[in-house]
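A.B. asks: Fold the following.
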Amino acid sequence: MKETEPKLPFLMRPVPFFILFALCGPLALILVLIYWRDLPEDRRGPHLMISILFSLLFISKILPDGWLRILVFSFTYTLILFLTYSIWGRKRKREKE
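C.D. replies: Below is the predicted model of the structure:
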């Protein structure tokens, strides 16, 4: 028999959830509570702990607004560079073959 992986809501997948809690921790916490039953048991704990941690950091202003913008920009810039070089690497392999 083929095991089917439970379908997660889009916002609860790892990358969108990372972006969401990095931008606004309290919103991520509310979404974890809304989608609690849809999440598999092995993902409930980590999602809840990280969203609570970033909610506390967001509310207490430990993370300044400038730092958050710098982190998001750095992450986006790194991702764009990674995608660009991986696409170029594939094209070079195709040309050599």
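
A.B. asks: Residue 18: neighbour count?
C.D. replies: 13 (other CB atoms under 10 Å). Every residue, glycine included, has its C-beta placed from N, CA and C.

A.B. asks: which residues are in contact with the one helix or strand it maps to?
C.D. replies: According to DSSP states H and E, residue 18 maps onto helix 14-23. Contact with helix 14-23 is made by 10-11, 27-28, 31, 47, 50-51, 54, 68, 71-72, 75, as judged by CB atoms under 8 Å, 6 or more residues apart in numbering.

A.B. asks: same thing but at 10 Å, please
C.D. replies: In this structure, residues lying in contact with helix 14-23 by CB atoms under 10 Å, 6 or more residues apart in numbering are 8-12, 27-29, 31-32, 35, 43, 46-47, 50-55, 57-58, 63, 68-69, 71-72, 75-76, 79.

A.B. asks: mind listing which of those residues are in helices?
C.D. replies: Here DSSP state H is the test, and these give 27-29, 31-32, 43, 46-47, 50-55, 57-58, 68-69, 71-72, 75-76, 79 as lying in helices.

A.B. asks: for residue 36, phi and psi?
C.D. replies: Backbone torsions of residue 36, given as degrees, to the nearest 10, read phi -60, psi -40.

A.B. asks: And for the one 4 residues further on?
C.D. replies: According to degrees, to the nearest 10, the main-chain angles of residue 40 amount to phi -70, psi 160.
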